[in-house]
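Structure for this input, please:
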Amino acid sequence: MNISTIRFPMPKTIDPPRPWSPADLEACHATVQRLHAYWDARRGERAMPARRDIDPADMKALLPNLILVDVVADARRYVYRLVGTHEVEMRGGDPTGKAVKDAFYAESAADTLLFLDRVVETRQPVLYRGTYRPTSSRIQQEDTLFLPLSNDGASVNMILIYGHIRHVKDEQRV
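Sure, this is the predicted structure:
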């Protein structure tokens, strides 16, 4: 299976999506690798598993960093269905029920939407590995895996997102 990776060098310049080899996944944190292996096993011979194939009890340790995003057929495009407690804490609020474009946690809404659009278009996982500034006072290094889910096996109706943060730097404002 091809997995795409998009890297965001600082400052805000976006590299175009490009094919990624399994060796890139091997460089990720073990939790990212395990989640991908779980997703891959749950999909079986299908392009992607359905949400009903994913059991939260199988990944209790990852739940605080998991996000589920609904793919909707209206102007919102993507809506947060579930946001883990660690994600809520980092963001300073719970975006559940809000459009991603209005409650993103990245350098820009366009950056976030690029990843989600890529997952929907390719029906394949997308990996982000890099450093970014989600807020004016925070710098993060993160491995983030975006995994497609499908009720009908053909179109993406939900995206499972997991991020493992390797470093956070919070700068104090004077």
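
Could you report the neighbour count for residue 41?
10 (other C-beta atoms under 10 Å). All C-beta atoms are positioned from the backbone trio N, CA, C, and that covers glycine.

What helix or strand is it located in?
helix 30-43 (DSSP states H and E).

List every C-alpha atom in that helix, with coordinates, as PDB.
Output of helix 30-43 as PDB, limited to C-alpha atoms (Å, rounded to 0.1, in the frame of the first residue of the first chain):
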ATOM      1  CA  ALA A  30       6.000   2.900  17.800                       C
ATOM      2  CA  THR A  31       2.400   4.100  18.600                       C
ATOM      3  CA  VAL A  32       2.000   5.500  15.100                       C
ATOM      4  CA  GLN A  33       3.300   2.200  13.600                       C
ATOM      5  CA  ARG A  34       0.900   0.100  15.800                       C
ATOM      6  CA  LEU A  35      -2.100   2.200  14.800                       C
ATOM      7  CA  HIS A  36      -1.300   1.800  11.200                       C
ATOM      8  CA  ALA A  37      -0.800  -2.000  11.600                       C
ATOM      9  CA  TYR A  38      -4.200  -2.100  13.400                       C
ATOM     10  CA  TRP A  39      -5.900  -0.100  10.700                       C
ATOM     11  CA  ASP A  40      -4.300  -2.300   8.000                       C
ATOM     12  CA  ALA A  41      -5.400  -5.500   9.700                       C
ATOM     13  CA  ARG A  42      -9.000  -4.200  10.200                       C
ATOM     14  CA  ARG A  43      -9.300  -3.200   6.500                       C
END
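
which parts of that helix are buried?
Residues of helix 30-43 classed as buried: 31, 32, 33, 35, 36, 38, 39, 42, 43 (neighbour count, 16 or more other C-beta atoms under 10 Å).

can those residues go into a markdown table with extra columns for distance to residue 137 and pLDDT?
What follows is those, written out as a markdown table (distance: C-beta to C-beta, whole Å; pLDDT from 0 to 100):
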| residue | distance to residue 137 | pLDDT |
| --- | --- | --- |
| 31 | 26 | 94 |
| 32 | 26 | 94 |
| 33 | 31 | 94 |
| 35 | 29 | 95 |
| 36 | 31 | 94 |
| 38 | 34 | 96 |
| 39 | 33 | 95 |
| 42 | 38 | 97 |
| 43 | 39 | 94 |
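
one step back: what comes into contact with whatever helix or strand comes next after the helix holding residue 41?
Remark: after helix 30-43, the chain's next helix or strand is strand 66-71, criterion DSSP H and E. Residues from elsewhere that reach strand 66-71, judged by C-beta atoms under 8 Å, 6 or more residues apart in numbering: 51, 59, 77-84, 87, 100, 116, 120, 156-162.

per-residue pLDDT, residue 95?
Per-residue pLDDT puts residue 95 at 96.

for this structure, what spans make up the strands?
For the chain, strands defined by DSSP state E occupy the ranges 3-6, 18-20, 66-71, 78-83, 126-135, 138-149, 158-170.
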